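K.L.:
Sharing a sequence plus its predicted fold:
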Amino acid sequence: MKKIIQIVKDKLRITKYKNIYKNFGYLGLLDMCNMLFPFITYPYLIRVLGAELYGATAFAKAIISYFSILINYGFEISATKSVSVNRNDKAKLSEIVSSVYIIKGVFFVVSFLALFGFLMTFGRNMEYKTLILLSYGLCFYELLFPHYFYVGIEKMKYITMLTVVSNIIFTLLVFVVIHSQSDYYWVPLLTSVGYLVTGLWSFFILFKQEQLRFIFPSKEKLIAYFKEGLPLFASRVSAKIYVNLTAVLIGAYLPMSAVAYYDLANKITAIGKMPIGILSTALYPHVSRTQDLSFVKKTMRIAVALMAGVYIVIVLFSKPIVAILGGSEMYESIPILMILALSVIPCMMSNFYGTQMLASFGYANKMAKGMIITAVSYLLIMFLLVLCHATTLIMFTIVAVLVEILLVLIERYYCKKYIFNHATGSF
């Protein structure tokens, strides 16, 4: 038996990639928690609030997501890499963490003032103005939660357990507090309070458990960290433009119930994409240190095959999944789901070509350029749809998938030009 176990370990290289396997497990639990807990409350909320009001909460969340992008500022990649490289230097880690918190804090305040000013000036007659303002509390997660730090030092245990406990508490509160359509304001409020408590708790663990100190870095240091995150911020903004703007445009040109149909399809697709985020976060510290192209190549082939299987499962079980989550009144989500779920395959490929290769091998600016080209293409196509009065839910969804494929093609071109031609083998 010992020999068999050793053979399995040798084949999977468990010893060599021990931290990757361990972090994959914790990240899997963390992502499952973040993805699955909303599904626990979803059937209840869609039936209590109805498609129209639930669609309004999804619409508000889609708007606030852009401010979350600004606050994050690409630190999930740039700061993760800095932490990974300096994991044994407490003074340097304190400098990195403090710089990130200061920059994020400035963005948090500026973003809120910009949102408040816009809604008070141009959105006075907006039907869900108050809901949008209350939803800004969702940004507490990006401001306070040091996800990048624990990924960088490859210790995901603390924040995983913290997130699980917090999600359990605030998921239960949804059933306790929300009983009628008039309670829809509590949806963003409860989530915001949950993020605030989790963020403050993780903040305490960061400085107490890891023995870091909050310092005020020099102006030069802050500018350096700001510049380091800029290309990654540009790429993230560009990516989110065509990920979240679709829901915003649906809410602008179609009834809020259409937002609810799209949101349900997007939620189910997000579950299918969950392995992408887990793999990305678990692999990036290792790949950025070792730049092991052979390892990336093997992992990518397995991952893409996995995503193809995920898509088949979603298509085969789309009707019962939608029926369980939203009931028969949400069946209009089924064709949207079948189209949108196609994106799981190019999304996985994009992660490997972009994050694991271009970003890890020092070409983050090329990844950002690809994202920007894709975002501009998306905006042009959407403009043409509006111009031609072709703003249907199906058309919006098709465009959302096509831009994912376009991004893969652009990133592969850059990988071939700057990485594959200088290494043995190709993809």
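P.N.:
Arrived safely.
K.L.:
what number of residues lie near residue 302?
P.N.:
10 (other Cβ atoms under 10 Å). In short, each C-beta sits where N, CA and C put it, glycine included.
K.L.:
What's the local residue count around the nearest residue to residue 342 once chain neighbours are set aside?
P.N.:
With sequence-adjacent residues excluded and distances taken as Cβ to Cβ, 6 or more residues apart in numbering, residue 342 is closest to residue 401, at 5.1 Å. Residue 401 has 20 neighbouring residues, counting by other Cβ under 10 Å.
K.L.:
quick one: which helix or strand includes residue 401?
P.N.:
Using DSSP states H and E, residue 401 falls within helix 393-418.
K.L.:
buried stuff in that helix?
P.N.:
By 16 or more other Cβ atoms under 10 Å, the buried positions in helix 393-418 come out as 393, 396-408, 410-412, 414-415.
K.L.:
Helix or strand: which one has the closest residue to residue 327 other than its chain neighbours?
P.N.:
Nearest non-adjacent residue to residue 327, counting by Cβ to Cβ, 6+ apart: residue 47, 6.7 Å away. According to DSSP H and E, residue 47 maps onto helix 18-72.
K.L.:
mind listing what residue 271 touches?
P.N.:
Residues near residue 271 by Cβ atoms under 8 Å, 6 or more residues apart in numbering: 35-36, 39.
K.L.:
okay if I get the residues you listed as CSV plus pLDDT?
P.N.:
Formatted as CSV, those follow (pLDDT from 0 to 100):
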residue, pLDDT
35, 71
36, 75
39, 78
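K.L.:
Filter those residues down to the buried ones and hand me the ChimeraX line.
P.N.:
In ChimeraX, this line selects whichever of the contacts of residue 271 come out buried by 16+ other Cβ under 10 Å:
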select :35,39
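K.L.:
Just give me the closest of the contacts of residue 271 to residue 291.
P.N.:
residue 35 (30.5 Å; Cβ to Cβ).
K.L.:
Surely the closest one touches residue 270?
P.N.:
Yes - with contact defined as Cβ atoms under 8 Å, residue 35 reaches residue 270; the gap is 6.1 Å.
K.L.:
out of the contacts of residue 271, who's nearest residue 279?
P.N.:
Distances from residue 279 to the contacts of residue 271, taken by Cβ to Cβ, are shortest for residue 35, at 14.6 Å.
K.L.:
about what we covered before: can you tell me which of the contacts of residue 271 lies nearest to residue 354?
P.N.:
Using Cβ to Cβ, the contacts of residue 271 come closest to residue 354 at residue 35, 21.4 Å.
K.L.:
For this structure, give me the ranges with low pLDDT.
P.N.:
1-28, 31, 123-126, 232, 234-243, 281, 422-427 (pLDDT under 70).
K.L.:
Centre-most residue in it?
P.N.:
residue 277 (7.4 Å; Cα atoms, centre = their mean).
K.L.:
where do the helices sit along the stretch 51-200 of the chain?
P.N.:
Assigned helices in the stretch 51-200 of the chain, in chain order: 75-85, 90-121, 129-135, 140-144, 147-152, 157-177, 186-208 (criterion: DSSP state H, counting those that start in this stretch).
K.L.:
Also the stretch 251-400 of the chain?
P.N.:
256-272, 274-290, 293-316, 318-326, 333-340, 344-351, 364-387, 393-418.
K.L.:
With mean neighbour count and distance to residue 309 added, can I get the helices of the stretch 51-200 of the chain in CSV?
P.N.:
Below are these laid out as CSV (neighbours: other Cβ atoms under 10 Å; distance: least, Cβ to Cβ, whole Å):
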stretch, mean neighbour count, distance to residue 309
helix 75-85, 23, 27
helix 90-121, 17, 37
helix 129-135, 19, 35
helix 140-144, 22, 31
helix 147-152, 25, 26
helix 157-177, 17, 26
helix 186-208, 18, 32
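K.L.:
nearest to residue 371, of the ones you listed?
P.N.:
helix 75-85 (12.3 Å).
K.L.:
could you check the angle helix 18-72 makes with the closest one?
P.N.:
For helix 75-85 against helix 18-72, the angle by axes from the mean of the first three to the mean of the last three Cα atoms, to 10 degrees is 140 degrees.
K.L.:
packing partners for helix 75-85?
P.N.:
Packing partners of helix 75-85 (3 or more Cβ pairs under 8 Å, 6 or more residues apart in numbering; DSSP states H and E): helix 90-121, helix 147-152, helix 219-253, helix 274-290.
K.L.:
Show residues contacting the second one.
P.N.:
By Cβ under 8 Å, 6+ apart, the surrounding residues in contact with helix 147-152 are 23, 27, 75-76, 79-84, 87, 93, 96-97, 100, 156, 158-159, 206, 210, 281, 284-285.
K.L.:
wait, isn't residue 184 in contact with residue 59?
P.N.:
No - the pair residue 184 / residue 59 is not scored as a contact, 11.8 Å apart, by Cβ under 8 Å.
K.L.:
More neighbours: those two, which one.
P.N.:
A side-by-side neighbour count of residue 184 and residue 59, using other Cβ under 10 Å, places residue 59 first with 23 against 20.
K.L.:
out of the contacts of residue 271, who's nearest residue 114?
P.N.:
Distances from residue 114 to the contacts of residue 271, taken by Cβ to Cβ, are shortest for residue 35, at 29.6 Å.
K.L.:
For that closest one, give me its contacts.
P.N.:
If you count contacts by Cβ under 8 Å, 6+ apart, then residue 35 has 270-271, 274 around it.
K.L.:
export these to a markdown table and tack on distance to residue 150?
P.N.:
Converted to a markdown table, these look like this (distance: Cβ to Cβ, whole Å):
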| residue | distance to residue 150 |
| --- | --- |
| 270 | 22 |
| 271 | 23 |
| 274 | 19 |
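K.L.:
How much space separates residue 353 from residue 295?
P.N.:
15 Å (Cβ to Cβ, to the nearest Å).
K.L.:
higher neighbour count, those two?
P.N.:
Taking other Cβ under 10 Å, residue 353 and residue 295 do not tie; residue 353 has more neighbours (28 against 18).
K.L.:
show me the contacts for the closest residue in space to residue 194 that isn't next to it in sequence.
P.N.:
Once flanking residues are discounted, residue 194 sits nearest to residue 170: 3.6 Å by Cβ to Cβ, 6+ apart. Going by Cβ under 8 Å, 6+ apart, residue 170 touches 190-191, 193-194.
K.L.:
now residue 170: how far from residue 323?
P.N.:
In terms of Cβ to Cβ, residue 170 sits 27 Å off from residue 323.
K.L.:
Ok, residue 268 next?
P.N.:
12 Å.
K.L.:
One more: residue 367?
P.N.:
Residue 367 is 39 Å from residue 323, where distance means Cβ to Cβ.
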